[in-house]
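*Asks:* how would this look folded up:
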Amino acid sequence: SEEVLPSLWLANDDILYVWGRWGVLPPGMSEAQVEALDWNPDYVLTNAPQATRELDQVQLTANWRSPKWSIYASLVWSDLKGNFDSVSGYSDSASGVGVGGFVRVNEQTNWEGKLPNSSEWEAKIRLTGDLPWGFRAGAYMRWFSGDYWTKSYEVDSRDSFFAESGEAFDVYHIYFIEGDNIFLEQRGSRQFDDELTLDLHLDRPFAISDSRLTVGLDIFNVFNEDAVVSVKEFVNDQTDGPTSLFGAPRLRQRPREIRLSASLSW
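*Replies:* Numbering: from 1, shown residues only. Coordinates of the predicted model:
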């Protein structure tokens with residue numbers, strides 16, 4: 001399949017290597033432009049320039065307690081946007097653990113937008129209380145809107161690259177940018193499914209001499225919801241297999257689980 005890249009930045013080293021060895025110019029560049037290139041980086045220790053990560057958030061909470069019961073509820077609206085997903089160091093999770101767009105210029109393409117690992121809306125309710133015959137119970141429900149993700153392409157020298165004019169790039173023009181992640185659309189332009197989870201807990205303590213035995217029952221994801229929480233975000237390596245296609249689900253909510261437990265304290 002063909003994809004139209006918003007832009008493609010080449011490394012000076014690659015351009016000069018191909019020109020010096022084979023006399024091949026990259027599409028759109030003249031001999032004078034290529035010969036004017038050099039590689040003389042000025043290394044300094046500094047903060048990442050123009051790195052932005054802005055969080056706006058509003059929270060509403062309610063809490064009620066009595067000797068036997070408690071209820072907690074919250075509603076949160078969040079807006080996390082910017083161009084750099086990491087808050088410490090040159091590591092951007094957009095392309096796994098790496099140096100990010102301040103070193104890989106291709107990764108600055110479409111990188112301003114909604115950052116991952118953040119939901120716009122989140123609602124939680126927690127209820128705990130004492131029941132007859134010594135039982136204790138609890139319920140926890142959480143709903144949140146899906147996290148953001150972006151259609152991407154990882155530069156692969158096995159692919160063929162052509163300029164708008166139809167001219168082809170030499171494979172060695174791609175050597176140093178191999179593996180760069182390019183967002184094919186605005187960052188965070190897609191969302192995963194909303195996710196709903198209900199967990200229930202029930203236990204009963206028993207006094208045994210100077211010890212206490214507590215027997216418990218937990219049910220996680222009572223409704224057995226199966227929202228998609230991870231997909232194949234890259235258009236690379238698509239084959240006839242359904243899981244290799246772009247957008248194919250890679251992970252869903254954990255299915256319903258039932259757990260019996262016992263603990264002894266003394």
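
*Asks:* Now residue 13: phi and psi?
*Replies:* With angles defined as degrees, to the nearest 10, residue 13 sits at phi -60, psi -40.

*Asks:* scratch that, residue 244
*Replies:* Torsion angles, degrees, to the nearest 10, at residue 244: phi -90, psi -10.

*Asks:* How about it, nearest residue that isn't a chain neighbour?
*Replies:* Excluding the flanking residues, the one nearest residue 244 by C-beta to C-beta, 6 or more residues apart in numbering is residue 238, at 5.4 Å. Quick note: C-beta positions are derived from backbone N, CA and C, even for glycine.

*Asks:* Any stretches of the chain with poor pLDDT?
*Replies:* Low-confidence segments of the chain, defined by pLDDT under 70: 1, 48-49, 87-98.

*Asks:* what about the helices in it?
*Replies:* For the chain, the helices defined by DSSP state H occupy 12-22, 31-35.

*Asks:* I'd like to know which of those is closest to residue 146.
*Replies:* For these, the distance to residue 146 is smallest for helix 12-22, at 38.6 Å, taking C-beta to C-beta.

*Asks:* Just the buried residues of the closest one, please?
*Replies:* Judged by neighbour count (16 or more other C-beta atoms under 10 Å), helix 12-22 contains these buried residues: 14, 15, 17, 18, 19.

*Asks:* Closest to residue 40 out of those?
*Replies:* residue 15 (14.8 Å).

*Asks:* Could you pull up the residues touching residue 127?
*Replies:* By C-beta atoms under 8 Å, 6 or more residues apart in numbering, the residues touching residue 127 are 69, 70, 71, 72, 138, 139, 140.

*Asks:* gap between the residue nearest the centre of the chain and residue 6?
*Replies:* For the chain, residue 116 is the residue whose C-alpha lies nearest the centre (C-alpha atoms, centre = their mean; 4.3 Å). In this view, residue 116 and residue 6 are 19 Å apart by C-beta to C-beta, to the nearest Å.

*Asks:* And the strands in the stretch 151-266 of the chain, which stretches?
*Replies:* For the stretch 151-266 of the chain, the strands defined by DSSP state E, counting those that start in this stretch occupy 152-154, 181-183, 190-191, 195-208, 211-220, 228-231, 249-252, 257-265.

*Asks:* Format those strands as JSON lines; extra columns: distance to residue 160 and mean neighbour count.
*Replies:* Below are the strands of the stretch 151-266 of the chain laid out as JSON lines (distance: least, C-beta to C-beta, whole Å; neighbours: other C-beta atoms under 10 Å):
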{"stretch": "strand 152-154", "distance to residue 160": "13", "mean neighbour count": "20"}
{"stretch": "strand 181-183", "distance to residue 160": "16", "mean neighbour count": "25"}
{"stretch": "strand 190-191", "distance to residue 160": "27", "mean neighbour count": "16"}
{"stretch": "strand 195-208", "distance to residue 160": "40", "mean neighbour count": "15"}
{"stretch": "strand 211-220", "distance to residue 160": "48", "mean neighbour count": "14"}
{"stretch": "strand 228-231", "distance to residue 160": "26", "mean neighbour count": "15"}
{"stretch": "strand 249-252", "distance to residue 160": "27", "mean neighbour count": "13"}
{"stretch": "strand 257-265", "distance to residue 160": "48", "mean neighbour count": "10"}
